[in-house]
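Asks: Quick one: sequence and predicted model below, then my questions.
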Amino acid sequence: MTTKITFTRPDDWHLHLRDGVALAAVLPHTALRFARAIVMPNLKPPVTTTALALAYRKRIMDALPKEARFEPLMTLYLTDNMTAEEIALAKAGQIAAVKYYPAGATTNSESGVTALPKTYTALAAMEEHDLPLLLHGEVTDSDVDVFDREKIFIDRHLNEIAKRFPKLRIVLEHITTQEAVEFIQSAPRTIAATITAHHVLLNRNAMFEGGLRPHHYSLPVLKREQHRAAVLRAAVSGNPKFFLGTDSAPHSKSAKESACSCAGIYSAHAGIELYTEAFEQAGALDKLEGFASFYGADFYRLPRNEEKITLIKEAWTVPQEYALGDGNAVVPLRAGQAVAWQLLT
Ligand code: NCD
Ligand code: ZN
């Protein structure tokens, strides 16, 4: 039995760091484990310009622990009105990607896109400048069942975007369904997907275990077992189109434990350990390094990291909560329960 593994330091290709005191509270968890992260732009107000993204980047750098070596990769929040000029500025300003949220799909997505054709000018500019498009791939129509929203997004929108902009590099973020897996497998090389730890470890039963479990509610919502298994198989398959993105999304305990709980699971505190558990359970620890440390960097055309990390198989208990600043706390995934692997620091 493997009890220790050493591999190239991973990157997190989908992360919510928030801002202010919450940023300072959560950032050390990510910076300890990951060399780089794609930082989501859904702040309030959203990060819609390169100037805002670079200012946010500076706040992240200022909040980093002194000893940390971590590089935030910044993204812009796509809106109906984004211009080709803003895309050119983004490319020149080293922005890594542009994020599409359908308006109203998830946390802080009120300013998101109301109809895809409104973004075609921006998408054409992104294709020209080779700036990747990151998709929150869910439709928001209230008549579509919440468990079907990813599949319908692929049918109605993703096929169309891929056809219209054949050279545009696209990441379908946090995939949750067998249909998404199959779409990515048969898509051109320009299209990839990120996979979270919670979507490979949990199925939708986890939201209803003995009662309503708001800390297992995120978007896209957990799906039935058949889909969890398909997403896990994709993650451990060694196919470079699938790579790590935690979608760690901290919310205060009070916002989660509410009559209208907001979506988001916090997993940065065990951001690589939870995947290690899932890969071990699947008998695929040998596939972890590619998924966590190589394929995302290759897709973004960035150098692979050189540093290594080591994990040992020694269980630890996750705290019930972590401080989030301003008297708030965040309840992490697995709170009060064991994680089988730990990072050697
Ligand atoms: C994210 C958040 O809280 O910012 N929530 C989530 O459930 N994943 C937004 C998102 O990525 O959908
Ligand atoms: Zn997200």
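Replies: Arrived safely, thanks for sending. Ligands and ions are numbered 1, 2, ... in the order given.
Asks: Tell me, how many residues neighbour S237?
Replies: By other CB atoms under 10 Å, 17 other residues sit near S237. C-beta here means a position set from N, CA and C on the backbone, and glycine is covered the same way.
Asks: which residues does it contact?
Replies: K287 (CB atoms under 8 Å, 6 or more residues apart in numbering).
Asks: Which element, helix or strand, includes it?
Replies: Per DSSP states H and E, S237 falls between elements, in no helix or strand.
Asks: And it, how far from V200?
Replies: Taking CB to CB, to the nearest Å as the measure, S237 falls 12 Å from V200.
Asks: Distance from the chain centre to stretch 17-35, please.
Replies: 14 Å (CA atoms, centre = their mean, to the nearest Å).
Asks: what sits up against it?
Replies: With CB under 8 Å, 6+ apart as the test, stretch 17-35 has contacts from 9-12, 15, 37, 39-40, 43, 56, 59-60, 63-65, 68-72, 248, 250, 266, 268-269, 271-272, 305, 307, 309, 322-326, 328, 330, 343, 345.
Asks: What parts of the stretch 101-250 of the chain come near ligand 1?
Replies: For the stretch 101-250 of the chain, the contact set with ligand 1 under CB under 6 Å from any ligand atom comprises 106-107, 136, 218-219, 247, 249.
Asks: And the residue lying farthest from the centre of the chain, what's its pLDDT?
Replies: Farthest-out residue of the chain from its mean C-alpha position, per CA atoms, centre = their mean: M1, at 30.6 Å. On pLDDT, M1 comes in at 82.
Asks: Just give the nearest non-adjacent residue to it, would you?
Replies: Spatial nearest neighbour of M1, excluding adjacent residues (CB to CB, 6 or more residues apart in numbering): K313 at 7.7 Å.
Asks: can you pull out the helices in the stretch 1-150 of the chain?
Replies: 20-33, 50-63, 84-92, 120-129, 149-153 (DSSP state H, counting those that start in this stretch).
Asks: mind putting these in a markdown table, mean pLDDT and mean neighbour count included?
Replies: Shown next, in a markdown table, are the helices of the stretch 1-150 of the chain (pLDDT from 0 to 100; neighbours: other CB atoms under 10 Å):
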| stretch | mean pLDDT | mean neighbour count |
| --- | --- | --- |
| helix 20-33 | 98 | 20 |
| helix 50-63 | 98 | 16 |
| helix 84-92 | 97 | 17 |
| helix 120-129 | 98 | 18 |
| helix 149-153 | 97 | 22 |
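Asks: Quick check: closest non-adjacent residue to I5.
Replies: Excluding the flanking residues, the one nearest I5 by CB to CB, 6+ apart is L311, at 5.5 Å.
Asks: Any idea how many residues pack against D145?
Replies: D145 has 9 nearby residues by other CB under 10 Å.
Asks: residues in contact with the closest residue to H16 other than its chain neighbours?
Replies: The shortest distance from H16 to any residue other than its chain neighbours is 4.3 Å, reached at A249 (CB to CB, 6+ apart). By CB under 8 Å, 6+ apart, the residues touching A249 are 16, 107, 218, 263-266.
Asks: Closest to R189 out of these?
Replies: Nearest to R189 out of the contacts of A249 is H16 (CB to CB; 27.9 Å).
Asks: N42 is in contact with that closest one, correct?
Replies: Yes - contact status for H16 versus N42: in contact at 7.1 Å, counting by CB atoms under 8 Å.
Asks: mind listing the helices for the stretch 151-300 of the chain?
Replies: According to DSSP H, counting those that start in this stretch, the helices that the stretch 151-300 of the chain contains are 159-164, 178-186, 197-201, 225-235, 253-256, 273-281, 288-289, 295-299.
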